[in-house]
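Enquirer: here is the input, now give the coordinates:
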Amino acid sequence: MSRAAIGPNACRLNPALQPLAFLVGEWATTGTHPAFPDEPLPGRTRFEWAEGGAFLLMRSQTDHEDFPDGVAVFASDNVLGTIAMCWFDERGISRLCPVIVRDGSVHWHHDDPAFMQRLTITAGPDGRHMSSTGEMAKNGGEWTADLSQVFVRL
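Expert: Below you'll find the model as predicted:
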């Protein structure tokens, strides 16, 4: 018995996610974190279209045991005009984060009062570099530096 594809017509470019196209590719990363002030934190991140462009996938790793490998799916709600990222990592932690995209940058945040995080990735003008700035706040306290990275396209 042959198995035909199910729903192939939905596997197509999602116009609502096109503002994220600048992220697509594989990137070498070098990070900094206040817990490791004198230690560069190398890694890799890949952004790729999934299901014909209906979704955007992000896979990331930092080559340090204190930073988890993770995967995320970016999806949209065209009626509300919103984008969300669903994150899952090797620790079993999952997060649903609202995403804002504007002028070559993407921002997402997680608002758990016990451990809030936000991150902004900004594209460089040459398309070969990006940088991210991460921040965190614990138990309603002040925002402090979190993992921040420089991305170089491979």
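Enquirer: so which residues of the protein form strands?
Expert: Counting by DSSP state E, the segments of the chain that form strands are 25-32, 41-50, 55-62, 70-77, 82-89, 94-102, 105-112, 115-123, 129-138, 144-145, 148-153.
Enquirer: what's the neighbour count on residue 27?
Expert: Residue 27 has 21 neighbours, counted by other Cβ atoms under 10 Å. C-beta coordinates here come from the backbone N, C-alpha and C atoms, glycine included.
Enquirer: state the distance from it to residue 154.
Expert: To residue 154, residue 27 is 6 Å away according to Cβ to Cβ, to the nearest Å.
Enquirer: got any residues that touch both of these two?
Expert: Counting by Cβ atoms under 8 Å, 6 or more residues apart in numbering, the shared contacts of residue 27 and residue 154 are residue 44.
Enquirer: quick revisit: of the strands of the chain, which approaches residue 3 most closely?
Expert: strand 41-50 (20.3 Å; Cβ to Cβ).
Enquirer: low-scoring stretches of the chain, by residue?
Expert: Applying pLDDT under 70 to the chain picks out residues 1-2.
Enquirer: what residue is smack in the middle of it?
Expert: The residue lying closest to the centre of the chain (Cα atoms, centre = their mean) is residue 58, at 5.7 Å.
Enquirer: before we move on, the earlier item: dump the strands of the chain into TSV; add distance to residue 18 as well.
Expert: Compiled in TSV, these are given as follows (distance: least, Cβ to Cβ, whole Å):
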stretch	distance to residue 18
strand 25-32	15
strand 41-50	10
strand 55-62	10
strand 70-77	10
strand 82-89	11
strand 94-102	9
strand 105-112	12
strand 115-123	14
strand 129-138	17
strand 144-145	31
strand 148-153	19
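Enquirer: for residue 14, which of these is the nearest?
Expert: For the strands of the chain, the distance to residue 14 is smallest for strand 70-77, at 6.1 Å, taking Cβ to Cβ.
Enquirer: direction included, what does that closest one pair up with?
Expert: Strand 70-77 sits in its sheet next to strand 55-62 (antiparallel), strand 82-89 (antiparallel), going by DSSP bridges.
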